[in-house]
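A.B. asks: Provide a 3D model corresponding to the input given below.
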Amino acid sequence: MLRLFTHFTQPIPDPALVSYSWAQIKGEGATALFGSENVTSLTDNAAGDYTVTWAAPYAGASSYAVLIGSSATFSGADTHFQAIQTMTASSVRTSFLNRSGGVANDPDFATLIAVGER
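C.D. replies: Here you go, the predicted structure:
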């Protein structure tokens with residue numbers, strides 16, 4: 001028998017309802033999706049500011065989590081911050097900022113992975 005111990009205050013969703021989405025973004029130069037699952041579009045809002053729209057929405061903005069990883073060299077500073085600006089059931093908007101001055105810059109590449117309940 002498998003037992004799962006957690007610190008969650010909410011019930012764990014039925015595994016059959018858990019779904020994932022992912023997007024690989026090429027941010028440098030012409031912004032483009034170069035791989036995705038359950039993604040209908042990528043919007044380049046401004047430098048370092050993207051919106052990913054899911055093909056099948058999640059149950060709500062608080063019913064899924066997003067993990068962001070990226071690779072970039074911003075004017076010699078090779079580290080940066082990633083942040084989620086807004087999340088809705090059908091999309092997530094992210095920002096990429098360099099650490100040296102907090103200026104928004106496009107990453108060379110970024111990956112977003114969303115996991116949650118639909």
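
A.B. asks: can you name every helix or strand that the lowest-mean-pLDDT helix or strand in the chain contacts?
C.D. replies: Between all helices and strands in the chain, the lowest mean by mean pLDDT, DSSP states H and E belongs to strand 64-71, at a mean of 84. Applying 3 or more CB pairs under 8 Å, 6 or more residues apart in numbering; DSSP states H and E, one finds that strand 64-71 contacts strand 80-87, strand 91-98, strand 109-117. Glycine gets a C-beta too; all of them are placed from N, C-alpha and C.

A.B. asks: can you give me the angle it makes with strand 109-117?
C.D. replies: Calculated by axes from the mean of the first three to the mean of the last three CA atoms, to 10 degrees, strand 64-71 forms an angle of 170 degrees with strand 109-117.

A.B. asks: tell me the gap between strand 64-71 and the middle of its chain.
C.D. replies: On the basis of CA atoms, centre = their mean, to the nearest Å, strand 64-71 sits 4 Å off its chain's mean C-alpha point.

A.B. asks: alpha carbons only: can I get that strand in CSV?
C.D. replies: Extracted C-alpha coordinates of strand 64-71, given in CSV (Å, rounded to 0.1, in the frame of the first residue of the first chain):
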residue,chain,number,x,y,z
TYR,A,64,-1.7,24.8,-11.2
ALA,A,65,1.9,25.7,-10.7
VAL,A,66,4.5,26.9,-13.2
LEU,A,67,8.2,26.2,-13.2
ILE,A,68,10.4,28.5,-15.3
GLY,A,69,14.0,28.0,-16.3
SER,A,70,16.0,30.0,-18.8
SER,A,71,19.4,30.7,-20.3
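
A.B. asks: for that strand, buried residues please.
C.D. replies: 64, 66, 68, 70 (16 or more other CB atoms under 10 Å).

A.B. asks: distance to residue 37 added to these, as CSV?
C.D. replies: Formatted as CSV, the buried residues of strand 64-71 follow (distance: CB to CB, whole Å):
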residue, distance to residue 37
64, 14
66, 14
68, 16
70, 18
